[in-house]
Every structure is written in C-alpha cells, then in structure tokens.
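Trainee: Return a 3D structure for these sequence lines:
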Amino acid sequence: MSDLSYWLLFFSTAFALNIAPGPDLLYILTKTIANGKRVGIASALGVCTGALFHVVAASVGLSAILVSSALAFSIVKYIGVGYLLYLAYQSFRSAGTCLNISQNAQPKESAWVAFKQGVLVDILNPKVAIFFMAFLPQFIRDGHGSVPVQLMYLGLLVVAVAVVVEVLYVLAASKLTEKVRSSQRLSVWLDRTVGAIFVALGIKLAASSST
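Mentor: Next up is the predicted model:
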C-alpha cells in the first residue's frame, strides 16, 4: 500500500468513526444545548484530552490490562457508571436554568468544570481504551519506527480528527438552539432530558463487556 493510500484509508476511517453518533458525542451535544457553545467546546476538548490518556495507555501497553482482566475492566466501568449517574442527578435536581443563556448571562456551568467532566467521562470509559487497542494496531507498518511510537502518533491523529469533528458538531448544535434559550418551560424539560441521557449512558456502560 502506498503512503497516499495508507493515509487516505487511515483518515477516512478515523473521520467515519468520529462522525458516527456515540456516547462521547451525545455527552458533548447535551452540554452544548444546555450551556451554550463555549461550554460545549470545553466539553469536547475535555473528552479529547481524556482520549489522550487512553492513547498513551495503549502505546505503553497499559490498556491491555483492561482487555485481559475482567476485574480491572469492571472496576473502571462501574466508577464511570457512578460518575454518569452523578451527572444525571445534578440535571434532575436543576431548577430549569440550563437554557436561560442570553448575551449578558452566564451558563450555569463553567467551561472549566465542563472540561474536567469531559476528561473524567472519557477516562472512566474502558470501552475507549479497548477501541484504541483494537483500532490503532491495524495501521502499524513495518519499517516506520517502533510500535509504541507509531501507536502514539496514530492515536494523536485520531484525537485531532475528533477535535475537528466534535467542534463542528458543537457549533451546529449551538446555532440550532440559540432561538429557544429564553424559555423557562423548555429549560425544565431539557434539564430532565439531559439527566435521562446521562442515566441511559450509564446503563449502556454498565451493560458493556470487555469482549
């Protein structure tokens, strides 16, 4: 396979995987709709920063522990489930302020808090570690450096593609919701919906296996 064909295949696959709706993207979109563009972008950057942790882990072989050890996988998984349910609890107890964002108002959640949450959501999802362990080795090439180094830069490129795709999703979601941000009734409804989404993500993670 020529270099051009190799990179076309790699980037097209990485783009397709990132553009497909998944738990990370759903989390980012709920944050965007609830708190606006700035918080949405911070959430996306947080999720991608968490993904960098898994890239490093995959590069040095730590992710193999999650794949081979059912106990380690379960521990990380249920910590992640607990964190998602905590986020759901926060949304359910909200007084319906998530959409009340005007030009002069501040979102109820800061960008820094959203960033930190995004990091934790991704780090505490063992399925992300398994994804990198399964995906990246398919693009390892003989004669192009050590395997850990190749895993590292390929993983960084996947995350870079994710940043671009997720920020575009955030900008689109923010634009679509600008006109409904002043409705208190919609605010209450959306807070409850966001909470339900986090519960669903937690259930989905709890039902996942390392296979």
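Trainee: Helices of this structure, residue ranges please.
Mentor: 3-19, 23-35, 37-60, 63-68, 70-92, 111-123, 126-135, 147-177, 184-207 (DSSP state H).
Trainee: Now those in TSV, please, with extra columns for mean pLDDT.
Mentor: Shown next, in TSV, are these (pLDDT from 0 to 100):
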stretch	mean pLDDT
helix 3-19	89
helix 23-35	85
helix 37-60	93
helix 63-68	68
helix 70-92	75
helix 111-123	92
helix 126-135	80
helix 147-177	91
helix 184-207	68
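Trainee: Reformat those as JSON lines; add mean neighbour count.
Mentor: Bear in mind the C-beta positions are built from the backbone N, C-alpha and C, glycine included. Shown next, in JSON lines, are the helices of the chain (neighbours: other CB atoms under 10 Å):
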{"stretch": "helix 3-19", "mean neighbour count": "14"}
{"stretch": "helix 23-35", "mean neighbour count": "24"}
{"stretch": "helix 37-60", "mean neighbour count": "23"}
{"stretch": "helix 63-68", "mean neighbour count": "17"}
{"stretch": "helix 70-92", "mean neighbour count": "17"}
{"stretch": "helix 111-123", "mean neighbour count": "21"}
{"stretch": "helix 126-135", "mean neighbour count": "21"}
{"stretch": "helix 147-177", "mean neighbour count": "17"}
{"stretch": "helix 184-207", "mean neighbour count": "17"}
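Trainee: Just put those helices in a markdown table and tack on distance to residue 141.
Mentor: Formatted as a markdown table, those follow (distance: least, CB to CB, whole Å):
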| stretch | distance to residue 141 |
| --- | --- |
| helix 3-19 | 7 |
| helix 23-35 | 28 |
| helix 37-60 | 16 |
| helix 63-68 | 20 |
| helix 70-92 | 29 |
| helix 111-123 | 27 |
| helix 126-135 | 15 |
| helix 147-177 | 7 |
| helix 184-207 | 33 |
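Trainee: which residue packs closest to the one residue sitting closest to the centre of the chain, ignoring adjacent ones?
Mentor: Computing the C-alpha centroid of the chain and ranking residues by CA atoms, centre = their mean puts residue 24 first, at 3.0 Å. What sits nearest to residue 24 in space, not counting adjacent residues and going by CB to CB, 6 or more residues apart in numbering, is residue 47, at 5.0 Å.
Trainee: do you know how far the one you found is from residue 167?
Mentor: With distances taken as CB to CB, to the nearest Å, residue 47 is found 11 Å from residue 167.
Trainee: And residue 134, how far from residue 79?
Mentor: 22 Å.
Trainee: So what does the residue sitting furthest away from the middle of the chain have for phi and psi?
Mentor: The outermost residue of the chain, judged against the average C-alpha position, is residue 143 (32.9 Å), by CA atoms, centre = their mean. Dihedral pair for residue 143: phi 80, psi 10, per degrees, to the nearest 10.
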